[in-house]
Structure formats: C-alpha cells, structure tokens
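K.L.:
Any chance you can model this:
(one chain, ligands or ions: 1)
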Amino acid sequence: MPHITCDSVSKAFRGRDILRDVDLVVEEGDSIGVAGPNGSGKSVLFKLLVGFTRPDHGTVTIDPSLMGPGRRYPEAFGVMINRPGYLGHLSASDNLRELASIRRVADEARVVEVLETVGLDPTSQTKAKNFSLGMKQKLGIAQAILERPRVLVLDEPFNALDSSSSERVTTMLQDFHRDGGTLLMTSHRSEDLDALTTRRLRIDDTRLLED
Ligand SMILES: Nc1ncnc2c1ncn2[C@@H]1O[C@H](COP(=O)(O)OP(=O)(O)OP(=O)(O)O)[C@@H](O)[C@H]1O
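P.N.:
Got it, this is the predicted structure:
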C-alpha cells in the first residue's frame, strides 16, 4: 500500500477554507516538493499528512507498518514543520541524546554523526536557546534524521542556512532519496525543489495541483 493516502481532505480554520478536496498518494521512494505563497496551507498540508492535524472532511491513511505498535504518530517519519522544536536549556548534542533516549534507536555515535552531517559541533555546550536561526534550523534537521526515518517531511529545510550548509543538507537529502527514502518538502526557492524532488505540487487557492 502507499505510504500516505489523502482522500478528499478539507481543512478550515475559523470558517476559512485552507485546503479543499485534496487528493494525494505518496508512494515509497517519492520525492515531492510543495510550493505555494505564504499562508497558502503548505504547513497545514504537512500536518495533515503526518497526523498532527485531523481533517474536517476526508481521510488521511498512513501505512500501518510505518506507525509502530500503539503509536499515534508514524515512528518511521522524520518531521520538521514550521519552526524547529528543541529544548532551549540543552546543547545540540544533549537535545539529540534526550530524543534518542525515548526510543533507543540512535546511539551516541549516531548523535555525533548527524551533528556532523548538518554542521553543528558535537562538543559544543552552547544552549540551543542561544543558537542563531541557522543553528536552530540545523538542530531541527538533525532531530528529523536522527533515527534514520523512511519518510522525511521537511517544511522549508533551507530557511536561514548559509550556502555551504545548504549544500551539505542538499547532499544529505539526495543520499537519503537515493537510498530509497521518501521525501516531502516545501521551499520558496525553486532551485531547491529542482535539485531534490521529481514531483512538484502547488497549492493554489485551497487546491492542491500538480505543477
Ligand atoms: N492552528 C491554526 N489556527 C488557525 N489558523 C491556522 C492554524 N494553522 C494554520 N492556520 C492558518 O492557515 C493558513 C495556512 O497556514 P500555513 O502555515 O499552512 O501556510 P504556509 O503555506 O505554510 O505558509 P508559509 O509559506 O508562510 O510558511 C494561514 O492563514 C494560517 O494563519
């Protein structure tokens, strides 16, 4: 079965339609880029696709083999939607250790590896609340990839990244896709979507369209 199936999904906030009658099938190995102006509903779409938000109408079905037993959210997904979430009083490495301690999938070597992948210093004791925007973004990406997810859902992963960091993340995402991973991402920069995705979607006035 497909990884994710969206069937006639609609979502409104305070009586205002954000998405209407969205149909989407995400197959294993897809790389999908979603474009659309500010406020068009890209983040809302991603929240619906990963189960963070429930549709008003229609259904979102996630392959149960990606969920994990007794889980509300798919544990095979690595997700960063809107801004990165983290514990401000901890360093980058301690944030990842904290996350790793929940499911015990990632070990210390993996924590160091993902920090190096995104370009954060594994030995730094700087608290995340004092990070620059770009460093917070890298921490968010590191958290998303920590447990080697099969599906990555990244909302504007290149926000605030300098050019060498963007290249690093692009290479990481290309490797992820080449190894069979499924990627869903948004970006305001069409060159990012061109480099990383083979299928382009666009939200236009509540409708999800193939580009
Ligand atoms: N929980 C919520 N309550 C009320 N309105 C919401 C909520 N979440 C999103 N919205 C509204 O839904 C619309 C779409 O928001 P969304 O964050 O999906 O846009 P976006 O396409 O990701 O924008 P951007 O490119 O600026 O990131 C916005 O008008 C936003 O205010």
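
K.L.:
just checking, what's the longest helix in the protein?
P.N.:
helix 163-178 (DSSP state H).

K.L.:
Let me see the mean pLDDT of that one.
P.N.:
The average of the pLDDT scores along helix 163-178 is 95.

K.L.:
what does whatever helix or strand comes next after it contact?
P.N.:
Sequence-wise, the next helix or strand downstream of helix 163-178 (DSSP states H and E) is strand 182-186. Contact with strand 182-186 is made by 3, 26-36, 42-43, 46, 49, 150-157, 173, 176-177, 192-193, 196-197, as judged by C-beta atoms under 8 Å, 6 or more residues apart in numbering. All C-beta atoms are positioned from the backbone trio N, CA, C, and that covers glycine.

K.L.:
Note down every partner strand of strand 182-186 and its orientation.
P.N.:
Counting by DSSP bridges, the strands paired with strand 182-186 are strand 31-35 (parallel), strand 151-154 (parallel).

K.L.:
What parts of the chain come near the ligand?
P.N.:
13, 18, 36, 38, 39, 40, 41, 42, 43, 44 (C-beta under 6 Å from any ligand atom).

K.L.:
any chance of the residues you listed in TSV, with pLDDT too?
P.N.:
Output for these, formatted as TSV (pLDDT from 0 to 100):
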residue	pLDDT
13	97
18	98
36	94
38	94
39	95
40	96
41	97
42	97
43	97
44	98
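
K.L.:
For those, which two are the farthest from each other?
P.N.:
Largest separation among the residues of the chain next to the ligand by C-beta to C-beta: 13 and 36, giving 16.1 Å.

K.L.:
the more surrounded of the two?
P.N.:
residue 36 (19 against 11; other C-beta atoms under 10 Å).

K.L.:
The more buried one contacts residue 204, doesn't it?
P.N.:
Yes: with contact defined as C-beta atoms under 8 Å, residue 36 reaches residue 204; the gap is 6.9 Å.

K.L.:
tell me the most buried of the strands paired with strand 182-186?
P.N.:
strand 151-154 (a mean of 24; mean count of other C-beta atoms under 10 Å).

K.L.:
Which residues are in contact with residue 192?
P.N.:
33, 158, 166, 170, 185.

K.L.:
again, 6 Å this time
P.N.:
residue 158 (C-beta atoms under 6 Å, 6 or more residues apart in numbering).

K.L.:
Extract the C-alpha set from the helix or strand encompassing it and format it as CSV.
P.N.:
Secondary structure from DSSP H and E places residue 192 in helix 190-196. In CSV, the C-alpha atoms belonging to helix 190-196 read as follows (Å, rounded to 0.1, in the frame of the first residue of the first chain):
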residue,chain,number,x,y,z
SER,A,190,12.5,26.6,-6.9
GLU,A,191,16.2,25.5,-7.3
ASP,A,192,15.9,23.5,-4.1
LEU,A,193,12.8,21.7,-5.3
ASP,A,194,14.5,21.2,-8.7
ALA,A,195,17.6,19.6,-7.1
LEU,A,196,15.7,17.4,-4.7
